[in-house]
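Q: Sequence and predicted model, in that order:
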Amino acid sequence: MNKWNIGLWVAQVILAAVYVMAGFMKLTQPIDALVASGMAYAGDYPELLTRFIGTMEVLGAIGIILPAATRIAPFLTPLAALGFSTIQVLAIGLHSMRGEFQVLPVNLVLLALSLFVLWGRLRKAPISPR
């Protein structure tokens, strides 16, 4: 296994862990609990939107690992990374508009990791199907 592949797997595992935790919270916690935990925006938008985002985060966490690990439809892994990149671009815009600048460093790191996996799995170390 080369260095690029190891680095990409590390990034994929980090992204999966972060997004499965965040998504699971958005799917299982009452909106009031999410607001109290620091997700203030959850109280300002429809509950269905928060639950949809949580669903997409959990599905993305599965998609960033499972297709690459099984080598069944591995093209889904860069698509999951593209989805995470989109989530972070939107999150950066939302938090900036709301003046929540303290979370932007986390958003930027997650965006960078997502773009790294997107680029790496398309160009540097693609995973071939079975």
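A: Thanks, I have the structure now. This one's a predicted model, so the numbers in the text were calculated from it and none came from an experiment.

Q: all helices of this protein, in order?
A: Taking DSSP state H to define them, one finds helices in the chain at 3-28, 31-36, 47-70, 76-97, 104-119.

Q: got the contact list for Lys26?
A: Leu34, Met39, Ala42, Thr50, Arg51, Ile53, Gly54, Glu57 (CB atoms under 8 Å, 6 or more residues apart in numbering). (C-beta placed from N, C-alpha, C; glycine too.)

Q: Turn these into JSON lines, including pLDDT and neighbour count.
A: Compiled in JSON lines, the contacts of Lys26 are given as follows (pLDDT from 0 to 100; neighbours: other CB atoms under 10 Å):
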{"residue": "Leu34", "pLDDT": "97", "neighbour count": "20"}
{"residue": "Met39", "pLDDT": "92", "neighbour count": "17"}
{"residue": "Ala42", "pLDDT": "95", "neighbour count": "25"}
{"residue": "Thr50", "pLDDT": "96", "neighbour count": "20"}
{"residue": "Arg51", "pLDDT": "98", "neighbour count": "16"}
{"residue": "Ile53", "pLDDT": "96", "neighbour count": "20"}
{"residue": "Gly54", "pLDDT": "97", "neighbour count": "21"}
{"residue": "Glu57", "pLDDT": "98", "neighbour count": "24"}
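
Q: Distance to Leu110 for those residues - can I get that in CSV?
A: Below are the contacts of Lys26 laid out as CSV (distance: CB to CB, whole Å):
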residue, distance to Leu110
Leu34, 18
Met39, 15
Ala42, 18
Thr50, 18
Arg51, 20
Ile53, 14
Gly54, 15
Glu57, 11
